[in-house]
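**Student:** Compute the structure for the input listed below.
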Amino acid sequence: MNIPTRRHRAWPRALAAVALLAAGTAALCASEDFAALVKRLQQEKPTFAKRQQDLLALRYDLSDKPAAGVTMARGKPVQEGVRVKLPQGMSWDKLAAMSAEEIRSRNLWPAGFLPLPHPHHEAGGMVFPQPQIDEVKRQTGRDLQRFDLDFDLPQHLLPEFPAPIFLTTRPDLGDVSKGQLVTLENFVPLFKDILNPKQLEGLRLLLTPFPQQQFNSTEDRRSLHASFGVACLDCHSNGHTNAATHTVGDIRPNELRHRIDTPTLRGVNIQRLFGSQRALKTVEDFTEFEQRAAYFDGDPTTATAKGVNVLERGSQVHFMAEFQELLDFPPAPKLNVFGKLDPAKASPAELRGQQVFHGKGQCVACHTPPYYTDNLMHNLHTERFFHPVTINGRKALADGPIKTFALRGIKDSPPYLHDDRLLTLEDTVEFFNLVLETRLNEQEKRDLVAFLRTL
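**Tutor:** The predicted model follows:
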């Protein structure tokens, strides 16, 4: 006779609780029809948009200030300068001379270094920059516009759009996208003579929209019209990133969920950890996880109701992964085969910056050449600098462990850190100068930025 353990006896109670919660949510949704939902959320939209824009203006200098002679791979100007605003009367040197305890006790941690909330953190969900929305609609007729909120950061602070595509298998071709956003409408003529049939099918699947929490055919959606859903390359446009944002599905309660930046897929073949908590070990695992859970905020009950798309690993997931692993970093003509600067090609400032990177700055401890990642997780313990605070629905406590992202091509992937809180490379250098307590001087900071732009 099998006697149930305490853990087994708890399962019926847990399942009943989940069922009760789902029933309560369904009852709430049933009390408000779609027209009433749209009207209510559209009326609330300006209030939350202003709340977010006020926060951004308080934290950052959002002006358009391109760096002279520095561009992304297709020519978009790279923004320069520290954009995070300091507390009144404070300087970066003064702040760097203080201990974490002093910064915390005096409430001097810059607001722009606190976690950045989602454009409407209480609502969450996928939000796309306007150029992506406009071009997808022009080419395919699909509408990625939400009726309840818009993307928050200005376009000049985002990656170039559409981004070029470089392939590990055909470096001789340069940008194989030919300046176009790749969609279901144009991928065949662009790639039919470059990819094999398996890779071409993988790309087709990456461009195919599938139901998602905010974009689906149910009345609990955030698009005005019933939607086929979203595609992987709606966020990772052209295998890179357009900075589309979301909130992680694997943290609760909602106020502790991180805003997440869309990371580039360039160089995904050298990465070994995936997902917001990096719990997934292959890009195939991540592809399945996205469809089964992440697209629906980690809620399998909702996923079933909205039309979860379960991919077959052998004939679909592997095909998608094979294409993704062809995506290369942009060219870095000043780097040698070891991923370091060629002295004959680099400027004195860039060479000095490389010395800072490998020395006083301690960057190399996590970002090792040639791809400038150790593929590990690191906890920066930023919470030692500030008291817990709730900002626009996001409770700032601790970031926890964060994956070391590859720095190859980093100037093409603003904003920075996992939640977009750092708008420029200069912001990033100031942030890590405080967090790592390296006390770089102004010249060392400028040289380090110059080096990062060469990667």
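
**Student:** Contact partners for His358?
**Tutor:** With contacts defined as Cβ atoms under 8 Å, 6 or more residues apart in numbering, His358 is in contact with Val364. For the C-beta atoms, the positions are set from N, CA and C on the backbone; glycine is no exception.

**Student:** longest strand anywhere in the protein?
**Tutor:** Among the segments of the chain that qualify as a strand by DSSP state E, the longest is strand 66-71.

**Student:** helix or strand right after that strand?
**Tutor:** strand 77-79 (DSSP states H and E).

**Student:** Any buried residues in whichever helix or strand comes after that next one, and which?
**Tutor:** Going down the chain from strand 77-79, the next helix or strand is helix 92-96, by DSSP H and E. Neighbour counts using 16 or more other Cβ atoms under 10 Å place Trp92, Leu95, Ala96 of helix 92-96 among the buried residues.

**Student:** how about the strands in this structure?
**Tutor:** Assigned by DSSP E, the chain shows strands spanning 66-71, 77-79, 245-247, 259-261, 377-379, 389-391, 394-396, 401-403.

**Student:** Show me the one of those that comes nearest Lys411.
**Tutor:** Ranking the strands of the chain by proximity to Lys411 (Cβ to Cβ) places strand 77-79 first, at 5.2 Å.

**Student:** Could you state which residue of this protein sits nearest its centroid?
**Tutor:** By Cα atoms, centre = their mean, the chain has its centre lying nearest to Asp261, at 1.7 Å.

**Student:** show me what contacts the nearest residue to that one once chain neighbours are set aside?
**Tutor:** Spatially, and ignoring its direct neighbours in sequence, Asp261 is nearest to Asp420 (4.8 Å; Cβ to Cβ, 6 or more residues apart in numbering). Going by Cβ under 8 Å, 6+ apart, Asp420 touches Leu116, Leu153, Ala243, Thr245, Arg259, Asp261.

**Student:** Please report the distance of Asp420 from Ile402.
**Tutor:** From Asp420 across to Ile402, the span is 13 Å (Cβ to Cβ, to the nearest Å).

**Student:** just Gly69 next, same as before
**Tutor:** Gly69 is 32 Å from Ile402, by Cβ to Cβ.

**Student:** Please identify which of those two sits among more neighbours.
**Tutor:** Set Gly69 next to Ile402 and count neighbours by other Cβ atoms under 10 Å: Ile402 wins out with 19 against 7.

**Student:** Bridged to the more buried one, which residues?
**Tutor:** Per DSSP bridges, the residues bridged to Ile402 are His378.

**Student:** quick revisit: tell me the confidence at the residue nearest to Asp261?
**Tutor:** Asp420 carries a pLDDT score of 97 in this model.

**Student:** re the thing from before, got the contacts of Asp420 as TSV, with distance to Glu135 columns?
**Tutor:** Shown next, in TSV, are the contacts of Asp420 (distance: Cβ to Cβ, whole Å):
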residue	distance to Glu135
Leu116	26
Leu153	18
Ala243	15
Thr245	18
Arg259	24
Asp261	20
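
**Student:** Scan these and report the most crowded one.
**Tutor:** Neighbour tally across the contacts of Asp420 (other Cβ under 10 Å): the maximum, 31 neighbours, falls on Leu116.

**Student:** contacting residues for it?
**Tutor:** Arg259, Arg394, Asp419, Asp420, Arg421.

**Student:** what's the burial count for the third one?
**Tutor:** Under the neighbour criterion other Cβ under 10 Å, Asp419 is assigned a count of 22.

**Student:** Was I right to think it contacts Arg257?
**Tutor:** No. Using Cβ atoms under 8 Å as the test, Asp419 is too far from Arg257 to be in contact (10.3 Å).

**Student:** Arg142: what's it in contact with?
**Tutor:** Contacts of Arg142 were listed using Cβ under 8 Å, 6+ apart, and they are Val136, Pro209, Ser227, Phe228.

**Student:** among the residues you listed, who's most crowded?
**Tutor:** Sorting the contacts of Arg142 by how many neighbours each has (other Cβ under 10 Å) puts Val136 first, at 25 neighbours.

**Student:** For it, which residues are in contact?
**Tutor:** Arg142, Asp143, Leu144, Leu181, Thr183, Asp234 are the contacts of Val136 under Cβ under 8 Å, 6+ apart.

**Student:** Need the nearest residue in space to the last one, chain neighbours excluded.
**Tutor:** Which is Asp234. Distances taken as Cβ to Cβ, 6+ apart place Leu144 nearest to Asp234, at 6.3 Å, with adjacent residues excluded.

**Student:** any idea how far that neighbour lies from Leu233?
**Tutor:** To Leu233, Leu144 is 12 Å away according to Cβ to Cβ.

**Student:** which stretches of this structure have low pLDDT?
**Tutor:** Within the chain, the segments meeting pLDDT under 70 span 1-30, 277.

**Student:** show me where it has helices.
**Tutor:** Taking DSSP state H as the test, the helices found in the chain are 6-30, 34-59, 92-96, 100-105, 130-140, 187-191, 197-206, 232-235, 283-292, 300-306, 318-324, 348-358, 425-435, 442-452.
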